[in-house]
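Asker: need coordinates for the following:
(4 chains)
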Amino acid sequence: MDFVFTEEQQMIRDTAESFLAEVSTSEAVRKAMVSSVGFDEALWQKICADMYWQAIHIPEEFGGMGLGYVELTAMMEQMGRYLLCAPFYSTVCLGVNTLLLAANEEQKAEYLAAICEGRLTATLAYCGVRGGRNAEDISATYSQQGDDFVLEGECGFVVDGLTAGLLLVAAREKGSSGESGISLFAVPADTAGVSRSNLPVLDQTRKMASVRLESVKLAQANLLGSAGQAWPVLDKVLDLATIALAAEQVGGSQQLLDSAVAYSKERVQFNRPIASFQAIKHKAADMMLRVEAGRSAVYYAACVADESLQGGELAGELKEAASIAKAYCSDAYFKNAGEAMQIHGGVGFTWEYDVHLYFKRAKASEHMLGNAAYHRERVAQVILD
Amino acid sequence: MDFVFTEEQQMIRDTAESFLAEVSTSEAVRKAMVSSVGFDEALWQKICADMYWQAIHIPEEFGGMGLGYVELTAMMEQMGRYLLCAPFYSTVCLGVNTLLLAANEEQKAEYLAAICEGRLTATLAYCGVRGGRNAEDISATYSQQGDDFVLEGECGFVVDGLTAGLLLVAAREKGSSGESGISLFAVPADTAGVSRSNLPVLDQTRKMASVRLESVKLAQANLLGSAGQAWPVLDKVLDLATIALAAEQVGGSQQLLDSAVAYSKERVQFNRPIASFQAIKHKAADMMLRVEAGRSAVYYAACVADESLQGGELAGELKEAASIAKAYCSDAYFKNAGEAMQIHGGVGFTWEYDVHLYFKRAKASEHMLGNAAYHRERVAQVILD
Amino acid sequence: MKLSFSPEDEKFREEIASWLKANLSGGVEQLKFRGGPGDEHMFPEERKQWEQKLAEGKWTCVGWPKEHGGRGLPIEQQVIFFEEYARAGAPGRVGHIGEGLAGPTIIAFGSDKQKQKYLPGIVAGTELWCQGYSEPGAGSDLANVKTKARFDESKGKWIINGQKVWTSLAHESDYCFVIARTDPDSKAHKGLGFFLIKMDQPGVTVRPIEQITGTSEFNEVFFDDAECDADDIVGEPGDGWKVAMGLLGYERGVSTLGQQMAFKNELDQVVALAKENGAANDPVMRQRIADLYLRLKIMRFNSMRMLSDSAGDGSLQKEALIYKLYWATWHRDLGELAVDVQGETGQVLEAEPYELTRLQSLYLFVRSDTIYGGTNEIQRNIIAERGLGMPKEPKW
Amino acid sequence: MKLSFSPEDEKFREEIASWLKANLSGGVEQLKFRGGPGDEHMFPEERKQWEQKLAEGKWTCVGWPKEHGGRGLPIEQQVIFFEEYARAGAPGRVGHIGEGLAGPTIIAFGSDKQKQKYLPGIVAGTELWCQGYSEPGAGSDLANVKTKARFDESKGKWIINGQKVWTSLAHESDYCFVIARTDPDSKAHKGLGFFLIKMDQPGVTVRPIEQITGTSEFNEVFFDDAECDADDIVGEPGDGWKVAMGLLGYERGVSTLGQQMAFKNELDQVVALAKENGAANDPVMRQRIADLYLRLKIMRFNSMRMLSDSAGDGSLQKEALIYKLYWATWHRDLGELAVDVQGETGQVLEAEPYELTRLQSLYLFVRSDTIYGGTNEIQRNIIAERGLGMPKEPKW
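Answerer: Numbering: from 1, shown residues only, chains lettered A, B, ... in the order given. Purely as a prediction, here's the structure:
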């Protein structure tokens, strides 16, 4: 047992931190978030070429770095901290994870290589327009026509769905319900019948899209895994993505703590820095508690994710570890955002200061992939039912 | 609209305050609570004779003072504040209310007169040994044998059940379920087949009993109202008792605030009274907010209870007003108790200081007649279903 | 203690309700439920016209004494007015700072000349006011006023220099009341003056503050040798703090009941949504909704106590002392509920590029409630010190 | 970062688990799950014997260096030891203050003579220790020590006068370590000494404190010309604060994982009850139970970080800084859940006149957790000041 970053992991984290501090400045984020694609394509290409982050946990045989989930979450934490606008979460945490778990060797070779080379971004489209994390929330349908599949329906809340080159689509066999009849398809975004539109949301730092599927014809080669059997795999992908998201939440929580503390040390009221008031100190202490506890939850979940991808003995804990991390970090992030805004006082209510960017991101992330109450109920099912 | 005590109401409140400050001292409470009956009989007789509180809202025609529910709750608030150990809540808030709403003129004349004269105490026995506030929680049964009724079963959590002269018992017709088939009976405690035992509970300041009914034979004269139709009346009695209980909770919350503030002004740490630390001041401020908001809720509910007893236009609000008061005051009391204990530090953890008496009373009262979550759900039914 | 209204009061209720029904029609219909918190920037022109319509019906300044143009309504009827106003969904009042703050201050502390000059415009709904209290760097420390007022003998005027911030409706207002330091060597709450300043003059610049909503209800106001007539100081130089403190008391008046009716309208929207999308069937969400509902009810009960109690010795009662902290916290919680009840779909905007839904506006805007007019932390200090007699912070 | 244990570690786990299984039988069976927080007063004699049984198996002081009688186990195996100990329901350790606090302090700061004199008794489980830190009136202000130590040249001994409070197990203990003021003119954390004092002497009186549970785990200890050999001061006069602060660090050691296993046993009881009485079907209660469960898991993850991190630069890591506040708050919440999950029946005592159920004891006893060893408020100050570099309170 060694529950601390290895030297190499620490280096990866530190490199991410210093790179992002330089490129993902407040100015850069604000520029990216109002652009139609939501990120700076040149920066993304730089990340792909110079940092090779998109390849972090892709096995070496497919051209990746072959690192683990601990390394991935260490980076996600920094991305959350600096609000990086880039198709990383969609491509790596949703896309690559889906491909790793669901694709056959040929599909992996094709898509993972393209991702490694920075030629392809990907995302996962699974729920309908009302969102949700359960099998029942999958509303797009497919039917088999000879050897082909025909997809119909609309997917909501597709992260970076407007720009992703590859859409990994979950659809259910017409007439099926619950966890049965679900399949995953690799759908190049330019496939006939696919139309995409921006879904404008409160948090501008992560772009969402709606994807319409109208008689989208797909070949067997587009099917990932066995038809109708995809739910367990998709469920696992969502848990892995949840852990990455929780890491991002920790990074955001940390940044809110740091900025609130820094501001409180500068801001003078009643002839003293407000950092000297117990009311502020105790808020900050609670914020730090939430950050550190959240971080512990995420590190553990990252280790479990690692074992899950490699079939280790803790693989069976994936669901629980993901829900623990997401339940805790969702609340931690939003509470920290609220407190940071309160500590900032009036200026925290302005567009000019960055607090609101995190405040909005916190709420958006809270509701993505199930909010805290949802994940607590999932934990309750494990221990009470 | 005049939402403030009249001069007379203020006087009643003030009289109660000064009388109780004198007779219901910490020493007196501690002596009463370890006695087997749970109160000082001489003090109770003094209250009945000199103060005439037991008769407060009994109509003048039955020998009472004929005052309203606002006066009653004003007194209950002070009793909660001074932790009065006496069969007041059981006799007046449970007993008299039941008689007022369910008894016929003869029964009223008999029992209310006896209560006014201090000859009789009463209580209500309705739920089974697992407690509860719903019709389903009534587990004692009755069957008709000719003109008589025969009662069987066990009632739990009967307030002052060991000492009450008159047990008002809710039982359901054998084989009935839900809200139908419920009757109320006036059962003198010495009726054959009635056995009572002390039910020892964490809060020593309010005695509970279990009442066993074994082939208890009752005549028609013991039936209150129509057989099988009592639930709506009992439901209303419970709401009225709930409002009185909430008033008591406000009084306790107030006392906790006062004692915590007083202690914090005396207690010196780091060369200053701890009352000067923002952490303590802000806790106290939140405590006061809860007390005042709770008090507003109780005053309103008391006015509604008044109208309910007199058929006024707000009578229909009784259920909602009771649930609002109980939901809020239950949380307020327990939170204040926890904070008061924390402010007291180590000494708050000793038997010697009074904080623990309130701490235990707060939790006991919280669970009596439905806790906060229960009453919030009741409110939800009003607005959402 | 008595909750019911008199028959006379009920008649008055009918009067205002039917007037509102008749007048909130036609072109005015679009203003219904608009212009509240987070929405104050909407329809400014139309809402200015609405003020004048109200004035025609003699429905402005209903609580003011008749001699100053008001209706001199007893408290019960003021309560009814504000309740019915909000119940009808009548629009947020652009005149509320004049009617609720500037006017009462002038009535209490102003000269006859000031009363004649300023009160009629407020009553007529033709002249709008804004308030110049907060300064950048002062925030909750209200006494830390840096704006200066120097009397120029040659001009016979006060010359004002400084900056105010968080001034709502500044760009729509005709006048601003401003606290400024008349004695440059004074500190804290001494040596301040309370000035009535015309906004339309070269020395006054208004710059909107872009808020987290992307809109701008609040402004910065710069005074750069702005002028103020010698007659337009309320009280004497040095009285500023006293006047300002008197004014703060008016914020806890009957209009709080109107505020609560507006809150009720917001909560109703949330409840309707919850019923529509099924959140009302989720036991955890039910607890949150019921909690907000019952706390709003209690807010109302508390205000009723506050108002009934005001005939007392004039000191701020305990139930008044907690009021700001209570409602600000409630409103913040409501904002959270408003988006949470919608789940992921609560994140979807009304329209591109960044037009918020009403509930999203609410959700964001309520974050200012726990800050302006004394942060929650300041409120807790005040409660502890004034309400509980706990010691002040040691000096730094 | 790696979670799994080595095969060697797993073998060790089997060893301790089977030893416990073999030895927690017969007359010892009644001690299972006893003697924890709120239950420390139970079975003192039997638990003392258990200490010696542990010692026979060489299961005391497993983390101590071999030279001092310990097993010198690596951290992983210490973790395993504490986990298995708690999992087996082995009784609360009456020797924990000696093993966890006094011993490590003597090892780190004591003289050779002290090591020879005191360590063997701790290892053998024959000599029990208690701690003399808190004083009435000092509370969280640990540096405000009033107990005095005066060196009597004629006797060649230190003479101790003063009073300590909240001393658990004082009536069962052979020795007490005491912070006392060696320099009568000193203030705060200067001029203190750290003394090892024999309890069985005329100058030492123990008086139990009756707690809200009706029982007495804690005591007051009075020193009235109590004597302490010149050799029995740890370090020099004036070093007391340094020694005491070092000691506080040990409270965040591997034993925290054992504590958590005990917490897990408590939570398991609550879960079992909830399943039995139907509370487990109530969605609102499910949220609370799941919340407690997941926060306990996180407590464990956090401790694992804390332990893995300890090889660092020796300073208290952030995850260690939050630890006390985190667990104390968690435990308090668990106590509340433990009675709430039972509804009204949770109020019924085990027996007359005032014998509490185990969960009632827990519920009440946990209220001390947020107070002793630094209140939650003090913890937040420490986190803000040491962890976040925020300024100290101004002097009063």
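Asker: closest point of the stretch 201-350 of chain A to chain C, which residue?
Answerer: Nearest residue of the stretch 201-350 of chain A to chain C (C-beta to the nearest C-beta) works out as A:Arg272 at 3.7 Å. C-beta coordinates here come from the backbone N, C-alpha and C atoms, glycine included.
Asker: now do the SS call for the nearest residue to that residue once chain neighbours are set aside.
Answerer: Nearest residue to A:Arg272 in three dimensions, chain neighbours excluded: C:Trp396, at 3.7 Å (C-beta to C-beta, 6 or more residues apart in numbering or on different chains). Secondary structure, DSSP: H, G, I helix; E, B strand; the rest coil: C:Trp396 is coil.
Asker: please report how far C:Trp396 lies from C:Thr375.
Answerer: When distance is defined by C-beta to C-beta, to the nearest Å, C:Trp396 is 18 Å away from C:Thr375.
Asker: picking that back up, look up phi and psi at the residue of the stretch 201-350 of chain A closest to chain C.
Answerer: phi -150, psi 150 (degrees, to the nearest 10).
Asker: burial count for it?
Answerer: By other C-beta atoms under 10 Å in any protein chain shown, the residues close to A:Arg272 number 15.
Asker: repeat for A:Leu101
Answerer: 19.
Asker: helices and strands of chain C: which one has the lowest mean pLDDT?
Answerer: helix C:240-250 (a mean of 78; mean pLDDT, DSSP states H and E).
Asker: show me what the longest helix anywhere in chain A is packed against.
Answerer: Using DSSP state H, we find that the single longest helix of chain A is helix A:231-266. In this structure, helix A:231-266 packs against helix A:69-82, helix A:97-102, strand A:182-188, strand A:272-273, helix A:278-310, helix A:318-344, helix A:355-367, with contacts taken as 3 or more C-beta pairs under 8 Å, 6 or more residues apart in numbering or on different chains; DSSP states H and E.
Asker: can you add mean pLDDT and give those back as TSV?
Answerer: Output for these, formatted as TSV (pLDDT from 0 to 100):
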stretch	mean pLDDT
helix A:69-82	97
helix A:97-102	98
strand A:182-188	98
strand A:272-273	93
helix A:278-310	97
helix A:318-344	98
helix A:355-367	98
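Asker: D:Lys146: which of these is closest?
Answerer: Each of the helices and strands packed on helix A:231-266 has some distance to D:Lys146 by C-beta to C-beta; the shortest is helix A:278-310, at 25.7 Å.
Asker: mind checking how far the closest one is from the chain centre?
Answerer: 17 Å (C-alpha atoms, centre = their mean, to the nearest Å).
Asker: kindly report the residues of the stretch 201-350 of chain A close to chain C.
Answerer: A:201-204, A:208, A:267-272, A:276-277, A:279-280, A:338, A:341-342, A:345-346, A:348-350 (C-beta under 8 Å from any C-beta of the partner chain).
Asker: and the helices in chain C, which stretches?
Answerer: Under DSSP H, chain C gives helices at C:7-23, C:44-56, C:75-87, C:96-97, C:103-109, C:112-123, C:240-250, C:255-277, C:283-309, C:318-321, C:323-340, C:358-365, C:376-382, C:388.
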